[in-house]
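S.K.: please work out how this folds:
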Amino acid sequence: MDEVELPTGDVIEERRDGERRTPGRRSDDVRKGRSATIQAIIWAVLGAVVVLYLFFLAVGAVTPDDAPAATIVVLVLAALWMAHAWRRLWGSGASPYGDRERRGF
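M.R.: Numbers count the residues shown, from 1 in each chain. Next up, the predicted model:
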């Protein structure tokens, strides 16, 4: 074991054995990160579809009477999107677990 000098000037033996850090991330962290990224992409695309439909509705390019099936699909997607946002804000907070872990919560 190596000797370590403390700020007080005392010299003690180091308690740890060798280097404890390992290169890279654990495979479980990588898998969770990929899953979270894919889920975020899906929710972002779903929200973009809803916003795009609302844009075309506001411009007047489409009316609910012209495309009733598309209107129903967009309403269902909007309900899912809002439920996801509501659950995330009220259930688990605004920041993902990984961000809270990095910040020391």
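S.K.: Ile12 belongs to a helix?
M.R.: No. Using DSSP: H, G, I helix; E, B strand; the rest coil, the secondary structure at Ile12 is strand, not a helix.
S.K.: skipping its backbone neighbours, what lies nearest it in space?
M.R.: Residue nearest to Ile12 in three dimensions, not counting chain neighbours: Val4, with 5.9 Å by CB to CB, 6 or more residues apart in numbering. From N, CA and C alone the C-beta is placed, and that goes for glycine too.
S.K.: measure that neighbour to Ile41 for me?
M.R.: Between Val4 and Ile41 the computed distance is 47 Å (CB to CB, to the nearest Å).
S.K.: residue ranges in this protein under the pLDDT threshold?
M.R.: 1, 15-30, 91-105 (pLDDT under 70).
S.K.: just so I have it, where are all the helices in it?
M.R.: For the chain, the helices defined by DSSP state H occupy 27-59, 68-87, 97-103.
S.K.: need those in CSV with mean neighbour count and distance to Glu14, can you?
M.R.: Putting the helices of the chain into CSV (neighbours: other CB atoms under 10 Å; distance: least, CB to CB, whole Å) gives the following:
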stretch, mean neighbour count, distance to Glu14
helix 27-59, 12, 28
helix 68-87, 13, 48
helix 97-103, 11, 27
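S.K.: any chance of TSV for these, columns distance to Gly9?
M.R.: Formatted as TSV, the helices of the chain follow (distance: least, CB to CB, whole Å):
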stretch	distance to Gly9
helix 27-59	40
helix 68-87	56
helix 97-103	35
